[in-house]
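Participant: Okay, structure incoming, though there's no sequence with it:
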């Protein structure tokens, strides 16, 4: 059984869906998986030269695999080959294309700093880390082309906690969106005036998240209902209050790589949805009749009107969505994470033996520490 040490980038949605929740399931099953929380960084350390490049690196004693999320921090990114030289497998998990974040997104400046700043964080460091990693895991096939063109990668599709399936939901004709304009600055606009027209017909619209910018993006006559920021623990309960969920994504390079997380969340909660026909949304749509796709403002109006005026259709799609999401729970799919991490350990063990002719021997550090890494998704 390999010893696996997991380093999530944050403790919000990205960190939990991609690493924390799968790791917790595996640990509860008895596997040797340790989560190093972002607020208590420790375990990877070493020495740097004057340029911030690692010249020595170590991991916790006995580690077979380190799993690093959104590895954009230069000192750790440059330590990847040094860790691998000791026979330690390095898996880098990426859930967004950091090279093309919208300039209005607050994450843009951090991952794509202006020339000359010499930022320790950059999408370029992430690309280098993925190039040097044992394996790269991504949330979509398109991201494999971005970060694992070398062929050492695997898609781990986003799943939802099983508890989503048992959250009670009261059906209604309330249309809603879960998100924030801060990280989706150009997505709601693809809906056009569809929501505004349905509100004029007497239907309600609710934002699960901040209302900032939503009125302008959807061209609404007034500020919409909104919950404001919602803690991750309360997120599914808030999302379940919707009668119909929308998942618009603009046709951009960044969104080409987006996963189907939004609509699998809606489905798990029994919320029928209308979504843009981006690659992963289209793929999920083919799996079952849990929602509809809309590719123009006219289609958004038609699809949403069909759902909000047809109680029976909403009920059918709600049941189909939960049945489909039952196949995409973290508890039922955590083995896929373990399979990839175990494969990475075996790959590195074989490579080390071929290079040295002997078993893996790691340097044992006298002290262990690691610099902080940024958190938050895009």
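Facilitator: Okay, I see it. Quick caveat, the model's predicted, so the values are computed rather than measured. Numbers count the residues shown, from 1 in each chain.
Participant: Please enumerate the helices of the stretch 101-250 of the chain.
Facilitator: 107-111, 123-132, 141-147, 194-200, 214-218, 235-239 (DSSP state H, counting those that start in this stretch).
Participant: so which of the ones you listed comes closest to residue 314?
Facilitator: Judged by Cβ to Cβ, the one of the helices of the stretch 101-250 of the chain that comes nearest to residue 314 is helix 194-200, at 14.3 Å. (Glycine included, C-beta is placed from N, CA and C.)
Participant: residues making contact with that closest one?
Facilitator: Applying Cβ atoms under 8 Å, 6 or more residues apart in numbering, the external contacts of helix 194-200 come out as 175, 205, 218-221, 246, 294, 297, 300-301, 304-305, 308.
Participant: hmm, which of the residues you listed are the buried ones?
Facilitator: 175, 205, 218, 220, 246, 294, 297, 300-301, 304, 308 (16 or more other Cβ atoms under 10 Å).
Participant: and which of the contacts of helix 194-200 is nearest to residue 33?
Facilitator: Using Cβ to Cβ, the contacts of helix 194-200 come closest to residue 33 at residue 246, 36.1 Å.
Participant: give me every residue that touches that closest one.
Facilitator: Contacts of residue 246 by Cβ under 8 Å, 6+ apart are 175-177, 191, 195, 273-275, 300, 304.
Participant: Swap in 6 Å and give it another go.
Facilitator: Shown in contact with residue 246 (Cβ atoms under 6 Å, 6 or more residues apart in numbering): 177, 274.
Participant: So what sits opposite it in the bridge?
Facilitator: Counting by DSSP bridges, residue 246 is bridged to residue 274.
Participant: Residue 274 versus that one, what's the distance?
Facilitator: Here the criterion is Cβ to Cβ, to the nearest Å. By it, residue 246 lies 5 Å from residue 274.
Participant: just to revisit the earlier point, and of the helices of the stretch 101-250 of the chain, who's closest to residue 251?
Facilitator: Nearest to residue 251, of the helices of the stretch 101-250 of the chain and by Cβ to Cβ, is helix 141-147 at 13.0 Å.
Participant: hmm, who's touching the closest one?
Facilitator: 94, 97, 130, 136, 138, 153, 155, 256-257.
Participant: so how far is residue 192 from the nearest residue to residue 125 once chain neighbours are set aside?
Facilitator: Spatially, and ignoring its direct neighbours in sequence, residue 125 is nearest to residue 77 (4.2 Å; Cβ to Cβ, 6 or more residues apart in numbering). Distance, residue 77 to residue 192, by Cβ to Cβ: 41 Å.
Participant: One more: residue 156?
Facilitator: 34 Å.
Participant: neighbour-wise, which of these two wins?
Facilitator: The neighbour comparison of residue 156 against residue 192 (other Cβ atoms under 10 Å) goes to residue 156, with 22 against 19.
Participant: That one reaches residue 137, doesn't it?
Facilitator: Yes: Residue 156 is within contact range of residue 137, at 4.9 Å (criterion: Cβ atoms under 6 Å).
Participant: quick one on the thing from earlier: pLDDT wise, what is the residue nearest to residue 125 at?
Facilitator: Per-residue pLDDT puts residue 77 at 94.
Participant: That one: neighbouring residues, count only.
Facilitator: Neighbour number of residue 77 under other Cβ under 10 Å is 28.
Participant: Identify the residues contacting it.
Facilitator: Residue 77 neighbours (Cβ under 6 Å, 6+ apart): 71, 125, 128-129.
Participant: Looking at neighbours, which among the residues you listed is most surrounded?
Facilitator: Ranking the contacts of residue 77 using other Cβ under 10 Å puts residue 71 first, with 29 neighbours.
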